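Colleague: got a structure for you, letters missing:
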């Protein structure tokens, strides 16, 4: 057994997540497919990294002072990460979230002590959008900063410095391709930049859900959305500051149905309980692996735990209402 030295601070639990070979996806792709287990972070998602990077950056700039408040608009996971980091560092948290996100995320944020503000989901151009609402709340709250995860490049910087570096070390510098979906764009841009710094030949692929506009942007130069997705936290209709300059070499569009197939297979056959964004990422990794060939080594992000979606993805009635197939082991009540 490997001995691991004790950590000096709970904040240090963020990052250094395991990387695992995914057998089913590897068999399907005909090459090695690896998943970065971001559900192993304290807040059970990749967004813990962005939360820590943004808060540390605000402290370094002198914008966030002792006893201050962090305000953010989020689909949930970034808010959970911010609440945990803020608790550990002595800050308060206000989270603005669309009211169509999973009940588990809402309950978790409240349990963590965050003040939760729910708003109706709407287009980014609408002043009531959760991002704009969070900005206004930050401006109105004394001692508060706005995390601004979409356009705060401290987000992608933390992935350049941590996630990409970890992947490079874990794969012994032998990585053919990396892919994931984009929400803020911080993960794919940061990991892409960090890997390209080490090896320009690494293929960086966007895996986009239906309903997002980035697939058409990178394929055809036009921000145009098609279809829809129930996936939370991914899918983007604009080029955020984090996405600006992202080294995207190719792109895939993945349906909810295909993503759910991988969610089901990974749970049933490999014991991994994941969210839909992870399933979509894995489907993209399989597509990239097939394109790169049998000797390829492809990595992707396993974004968060499926336990955050028991009322949605793992609920047969909810899936039926969305026109999606339920996992065959779920009872329809």
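Modeller: Happy to help now that I have it. As the structure is a computational prediction, the values presented were derived from the model and not from experiment. Residues are numbered from 1 along each chain as shown.
Colleague: Tell me where the chain has helices.
Modeller: 23-29, 47-60, 77-89, 103-111, 130-140, 154-158, 164-170, 186-198, 214-220, 256-270, 276-292, 316-321 (DSSP state H).
Colleague: Now do the fourth one: which elements does it pack against?
Modeller: Contact partners of helix 103-111 among helices and strands, from 3 or more Cβ pairs under 8 Å, 6 or more residues apart in numbering; DSSP states H and E: helix 77-89, strand 92-98, strand 115-119. In this view, the C-beta of every residue, glycine as well, is placed from N, C-alpha and C.
Colleague: go on, the first one?
Modeller: The criterion is 3+ Cβ pairs under 8 Å, 6+ apart, and the helices and strands that helix 23-29 contacts are strand 32-37, helix 256-270, helix 276-292.
Colleague: run the last query once more with 10 Å
Modeller: Contacts defined by 3 or more Cβ pairs under 10 Å, 6 or more residues apart in numbering; DSSP states H and E place helix 23-29 against strand 32-37, helix 256-270, helix 276-292, strand 297-302.
Colleague: tally of neighbours for the residue lying closest to residue 126 once chain neighbours are set aside?
Modeller: In this structure, residue 126 finds its nearest non-sequential neighbour in residue 132, 7.7 Å apart by Cβ to Cβ, 6 or more residues apart in numbering. When neighbours are counted by other Cβ atoms under 10 Å, residue 132 registers 17.
Colleague: before we move on, the earlier item: out of the helices and strands packed on helix 103-111, nearest to residue 275?
Modeller: Closest approach to residue 275 among these (Cβ to Cβ): helix 77-89, 9.0 Å.
Colleague: residues of the closest one that come out buried?
Modeller: Across helix 77-89, burial judged by 16 or more other Cβ atoms under 10 Å covers 77-86, 88-89.
Colleague: Run a quick check on residue 318 versus residue 326, I expect a contact.
Modeller: Yes - counting by Cβ atoms under 10 Å, residue 326 is a contact partner of residue 318 at 8.7 Å.
Colleague: Show me the shaky parts of this structure.
Modeller: The model of the chain has pLDDT under 70 over residues 1-3, 331-333.
Colleague: thinking again about what came up before, can you tell me which of the buried residues of helix 77-89 is nearest residue 96?
Modeller: Using Cβ to Cβ, the buried residues of helix 77-89 come closest to residue 96 at residue 79, 8.4 Å.
Colleague: which residues touch that closest one?
Modeller: Listed by Cβ atoms under 10 Å, 6 or more residues apart in numbering, the contact set of residue 79 reads 43, 47, 51, 70, 72-73, 93-97, 101, 105-106, 108-109, 112, 114, 116, 134, 147, 149.
Colleague: Apart from its chain neighbours, what residue comes closest to it?
Modeller: That would be residue 95: by Cβ to Cβ, 6+ apart, it lies 3.7 Å from residue 79.
Colleague: And residue 174, by the same measure?
Modeller: Per Cβ to Cβ, 6+ apart, closest to residue 174 is residue 297, 5.6 Å.
Colleague: Can you report how many residues neighbour that neighbour?
Modeller: When neighbours are counted by other Cβ under 10 Å, residue 297 comes out with 20.
Colleague: what are the bridge partners for it, then?
Modeller: residue 32 (DSSP bridges).
Colleague: where's it relative to residue 282, distance?
Modeller: Distance, residue 297 to residue 282, by Cβ to Cβ, to the nearest Å: 15 Å.
Colleague: same check, this time on residue 9
Modeller: On the measure of Cβ to Cβ, residue 9 and residue 282 end up 32 Å apart.
Colleague: and the two? which has more neighbours close in?
Modeller: Taking other Cβ under 10 Å, residue 9 and residue 282 do not tie; residue 282 has more neighbours (33 against 9).
Colleague: I'd say the more buried one and residue 36 touch.
Modeller: No - Residue 282 lies out of contact with residue 36 (Cβ under 10 Å); the separation is 11.3 Å.
Colleague: Residue 150 is in contact with the residue nearest to residue 126, correct?
Modeller: No - Residue 132 is beyond contact range of residue 150, at 11.0 Å (criterion: Cβ under 10 Å).
Colleague: Now list whatever residues contact both of these two.
Modeller: Shared contacts of residue 132 and residue 150, counting by Cβ under 10 Å, 6+ apart, come down to 73, 124.
Colleague: Mutual contacts of residue 282 and residue 36, please.
Modeller: In contact with both residue 282 and residue 36: 180, 300-302, using Cβ under 10 Å, 6+ apart.
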